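Visitor: I would like the atomic coordinates for the input below:
(one chain, ligands or ions: 1)
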Amino acid sequence: MMDTQCAAPDLNDLTGGYASGRLTPAELEAFELHLLECPACQDEVRTAAAVRGAARSGGRHVGRRAALIAIPLLAAAAVLLLLLPRNPYASLGRVDTAAPYKGIPTRAAEGALLVVDSALAAYGRGDLAQAEAQLTRAATDDAEPGVFFFLGVTRLLRGRAQNALAPLHGVLSRAPNPYVAEAHFYLAKAWLQLARPDSALAQLREIETDRTPLGRTAKELGIRVREAGR
Ligand SMILES: [Zn+2]
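Guide: Next comes the predicted model:
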């Protein structure tokens, strides 16, 4: 039974290919990183592995070649899943709703403005794959902090916490700007997804005394993180 939903449908589509060893090296790397933090995909891989194990012992539906490829991969997947401690902070690190784009001007490098507009339109309608691709292109060194902010949030929403760290730090290194407080908050979310509560708490401490709705939310999240660690 799946008790949670995958936050990254594009990666979730790869579970079958992973269990049967049909992913490209790039897909494999992206999927295994995601697998570390996604209970839903872990469940699907376990199920796929069990189904294929049953088919193998039945012996008729899996060709010799497929079995030779599948066995080591499945063994690797099973070991990976056994070694994986369930991340007790995963639910606290979930980002279910996108940070709203409030129309704060994001003046990107000359010529990239249209790409940014188009990326934020994609973000607004929930087309995260498109938004990430375009924001990644727009995130040049001289881009506005907002480009890095929305790139980081988009990656978090796609279940790619590890890849969200760099753009969110990019917001902080360009301080002051209107995204600094939120960047601390989403960095905390990323660290929770990566099972690093101390790093998450350090980010939350930067904003939890702010007298703003975000400050109060950060304070509550910090309390829950400390409780989860006891
Ligand atoms: Zn997943």
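Visitor: I'd like the next helix or strand past the helix or strand bottoming out on mean pLDDT in the chain.
Guide: Ranked by mean pLDDT, DSSP states H and E, the weakest helix or strand in the chain is helix 64-83, scoring a mean of 49. Once the chain leaves helix 64-83, the next helix or strand it forms, by DSSP states H and E, is helix 113-124.
Visitor: give me the mean pLDDT for that following helix.
Guide: Averaged over helix 113-124, pLDDT sits at 76.
Visitor: I'd like to know which elements it is packed against.
Guide: Applying 3 or more CB pairs under 8 Å, 6 or more residues apart in numbering; DSSP states H and E, one finds that helix 113-124 contacts helix 128-138, helix 145-157. Any C-beta I mention is one placed from the backbone N, CA and C, and that applies to glycine too.
Visitor: chain center to it, what's the gap?
Guide: 20 Å (CA atoms, centre = their mean, to the nearest Å).
Visitor: return the set of buried residues in it.
Guide: 115-116, 119-120, 122-123 (16 or more other CB atoms under 10 Å).
Visitor: could I get the CA-only coordinates of that helix as CSV?
Guide: Taking Å, rounded to 0.1, in the frame of the first residue of the first chain, the C-alpha atoms of helix 113-124 are listed here in CSV:
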residue,chain,number,x,y,z
LEU,A,113,13.5,38.4,-19.9
LEU,A,114,11.1,36.5,-22.2
VAL,A,115,12.4,33.2,-21.0
VAL,A,116,11.8,34.2,-17.4
ASP,A,117,8.3,35.4,-18.1
SER,A,118,7.6,32.2,-19.9
ALA,A,119,9.1,30.1,-17.1
LEU,A,120,7.1,31.9,-14.5
ALA,A,121,3.9,31.4,-16.6
ALA,A,122,4.8,27.7,-16.7
TYR,A,123,5.4,27.7,-12.9
GLY,A,124,2.1,29.5,-12.4
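Visitor: now the angle between helix 145-157 and it, please.
Guide: Here helix 113-124 runs at an angle of 30 degrees relative to helix 145-157 (axes from the mean of the first three to the mean of the last three CA atoms, to 10 degrees).
Visitor: relative to helix 128-138, how tilted is helix 113-124?
Guide: Going by the same axes, to 10 degrees, helix 113-124 makes 150 degrees with helix 128-138.
Visitor: just checking, F150 touches L135?
Guide: Yes: proximity of F150 to L135 meets the contact threshold set by CB atoms under 8 Å, at 5.8 Å.
Visitor: of these two, which one has the most company?
Guide: Taking neighbours as other CB atoms under 10 Å, F150 and L135 compare with L135 leading, 31 against 26.
Visitor: contacting residues for the more buried one?
Guide: 116, 119, 123, 147, 150-151, 154 (CB atoms under 8 Å, 6 or more residues apart in numbering).
Visitor: okay, now the domains of the chain?
Guide: As given by automatic domain parsing, the domain ranges for the chain are 9-83, 113-228.
Visitor: returning to that earlier point: now, among the contacts of L135, which is nearest to the ion?
Guide: T154 (16.0 Å; CB to the ion).
Visitor: in terms of pLDDT, where does that closest one sit?
Guide: So T154 comes in at 90 (pLDDT).
Visitor: with A50 instead?
Guide: 65.
Visitor: could you do N12 as well?
Guide: 87.
Visitor: for the chain, what lies in contact range of the ion?
Guide: 6, 12, 38, 40-41 (CB under 5 Å from the ion).
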